[in-house]
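heads up, no residue letters with this:
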């Protein structure tokens, strides 16, 4: 249910967002298509990872670290990976890396290695963009933020003089209802408690459209 809400997330999300996590890593060839975070299409040359449930849903927010970039340290080195999927059976701190990433930081023959990792600023350029999920309409809409410097924890939309909170779902979209067909003003808060506002052109009148991408006009500060 949408709720009128304050912008701030919590002091923990600001103070500890780049804390060092310890855990283990395994590897898998999946996650490039159909990952829980719904970030398709993902280039086959990207280094990606699935993330354990506790960290994927950090701060009590579903999919809090979906789309985050992590710097991972292993026995043989370090690398940077993009969070595209959930690692359902992973313990606290665990990553299920793509084979390329695992090979950079450990021995493939080990199958499982000790690691540490932290969230970093994404190595991206340009503004954010938005994926409008298939089936979205003026009555129900699911909006995903892409190309963000830091994980996005909160989205609100402005209606009738109020900012209305949109629930973030496990599948990495923010859901709103009765958003109308006019230009929508949105406000987003990232894991560092940076707040930015933007506008999205009108939503489809009916829920029959396929998913589509809308270019954004802003980006989170460094």
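Great, that's in hand. Since the structure is predicted, the reported quantities are computational estimates derived from the model, not experimental observations.

tally of neighbours for residue 160?
Residue 160 has 5 neighbours, counted by other Cβ atoms under 10 Å. Just so you know, the C-beta spots here come from the backbone N, C-alpha and C atoms, and that holds for glycine as well.

wait, what's in contact with the nearest residue to residue 46 once chain neighbours are set aside?
Using Cβ to Cβ, 6 or more residues apart in numbering and skipping the chain neighbours, the partner closest in space to residue 46 is residue 82 (5.8 Å). By Cβ atoms under 8 Å, 6 or more residues apart in numbering, the residues touching residue 82 are 39, 42, 46-49, 67-69.

break this structure into its domains for me.
16-120, 129-215 (automatic domain parsing).

so which of those comes closest to residue 222?
Nearest to residue 222, of all the domains of the chain, is domain 129-215, at 7.0 Å by Cβ to Cβ.

what's the first-to-last distance across that closest one?
5 Å (Cα to Cα, to the nearest Å).

from the chain's centroid, how far away is it?
With Cα atoms, centre = their mean, to the nearest Å as the basis, domain 129-215 stands 13 Å off its chain's centre.

cool, and stretch 121-137?
10 Å.

tell me which residues of the lengthiest strand in the chain come out buried.
Secondary structure of the chain per DSSP state E: the longest strand is strand 77-86. Applying a neighbour-count criterion of 16 or more other Cβ atoms under 10 Å, one finds 79-86 buried in strand 77-86.

please apply the same query to stretch 136-151.
Buried residues in stretch 136-151 (16+ other Cβ under 10 Å): 136-138, 141-151.

what's opposite the residue nearest to residue 46 in the beta bridge?
residue 48, residue 69 (DSSP bridges).

contact partners for the residue nearest to the spatial centre of the chain?
The chain has residue 66 as the residue nearest its centroid, 2.9 Å off, counting by Cα atoms, centre = their mean. Counting by Cβ under 8 Å, 6+ apart, residue 66 makes contact with 36-37, 39, 56, 83-84, 151, 172.

one more pass at 6 Å, please.
Contact partners of residue 66, counting by Cβ atoms under 6 Å, 6 or more residues apart in numbering, are 37, 83, 172.

from memory the second one sits against residue 65, does it?
Yes - counting by Cβ atoms under 6 Å, residue 83 sits close enough to residue 65 to count as a contact (5.5 Å).

please identify which helix or strand holds the residue nearest to the centre of the chain.
Counting by DSSP states H and E, no helix or strand carries residue 66.

need the pLDDT of it.
Note on residue 66: pLDDT of 98.

and the contacts of the longest helix along the chain?
Of all segments of type helix in the chain, defined using DSSP state H, the longest is helix 99-105. For helix 99-105, the surrounding residues in contact (Cβ under 6 Å, 6+ apart) are 27, 47, 74, 76-77, 79, 81.

what would these look like in CSV with pLDDT?
Formatted as CSV, those follow (pLDDT from 0 to 100):
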residue, pLDDT
27, 98
47, 99
74, 99
76, 98
77, 98
79, 99
81, 99
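
please render the residues you listed as JSON lines that adds distance to residue 211 to the earlier fields.
Below are these laid out as JSON lines (distance: Cβ to Cβ, whole Å):
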{"residue": "27", "distance to residue 211": "29"}
{"residue": "47", "distance to residue 211": "25"}
{"residue": "74", "distance to residue 211": "35"}
{"residue": "76", "distance to residue 211": "39"}
{"residue": "77", "distance to residue 211": "37"}
{"residue": "79", "distance to residue 211": "30"}
{"residue": "81", "distance to residue 211": "25"}
